[in-house]
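Enquirer: Next input, structure requested:
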Amino acid sequence: MSSRILVVDDAVFMRHLIKNILTGMGHEIVGEAADGNEACEKYDELKPDLVTLDLVMPNKGGLDALKDIRQKDPKAKVVVISAIDQRQPLMDALKLGAADYVVKPFEKDRVQEAIGRVIAG
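Expert: Alright, predicted model coming up:
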């Protein structure tokens, strides 16, 4: 099943890597964002089926963006993909409504598994 996905990460190379994995799975990348403010704007504008979200970004971090997106749309599907491998920020993301998280550096299979599971419900 193809889904419309918004990819959010401040690193261009990471957005490119994630996009390649997701398009290889047959998904459509409807937009990209480099910080939390842009993520919220693009979410409102594009209404994606799923968001991949980094936690550490300039201007507005991923936790704040996740909180804002989920307040506007409690059914929003968000998968955190972040280099933060610390329990508390990841637990905070799950409490705020993230459906799953993937720790960078990641294996392609882990991203595919997380995205597939979240999209399937």
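
Enquirer: so what's the residue positioned nearest the centre of the chain bridging to?
Expert: The chain has Thr52 as the residue nearest its centroid, 1.4 Å off, counting by C-alpha atoms, centre = their mean. When bridges are called by DSSP bridges, Thr52 pairs up with Val7, Val79.

Enquirer: Tell me which residues are up against the one helix or strand Asn37 maps to.
Expert: Per DSSP states H and E, Asn37 falls inside helix 36-46. Under the contact criterion C-beta atoms under 8 Å, 6 or more residues apart in numbering, helix 36-46 has outside partners 4, 6, 8, 30-33, 48, 51, 53, 57, 59-62, 64-65, 68-69, 72-73, 76. The way it works is simple: take the backbone N, C-alpha and C, and place the C-beta from them, glycine included.

Enquirer: one step back: distance check, the residue nearest to the centre of the chain against Asp109.
Expert: Per C-beta to C-beta, to the nearest Å, Thr52 is found 16 Å from Asp109.

Enquirer: Return the set of buried residues in the helix holding Asn37.
Expert: For helix 36-46, a neighbour-count test (16 or more other C-beta atoms under 10 Å) marks Gly36, Asn37, Glu38, Ala39, Cys40, Lys42, Tyr43 as buried.

Enquirer: Check stretch 46-65 too.
Expert: 48-55, 57, 61-65.

Enquirer: What of stretch 11-20?
Expert: Neighbour-count burial for stretch 11-20 [16+ other C-beta under 10 Å]: Met14, Arg15, Leu17, Ile18, Lys19.

Enquirer: Now intersect these with the strands, please.
Expert: Per DSSP state E, strands hold no members of the buried residues of stretch 11-20.
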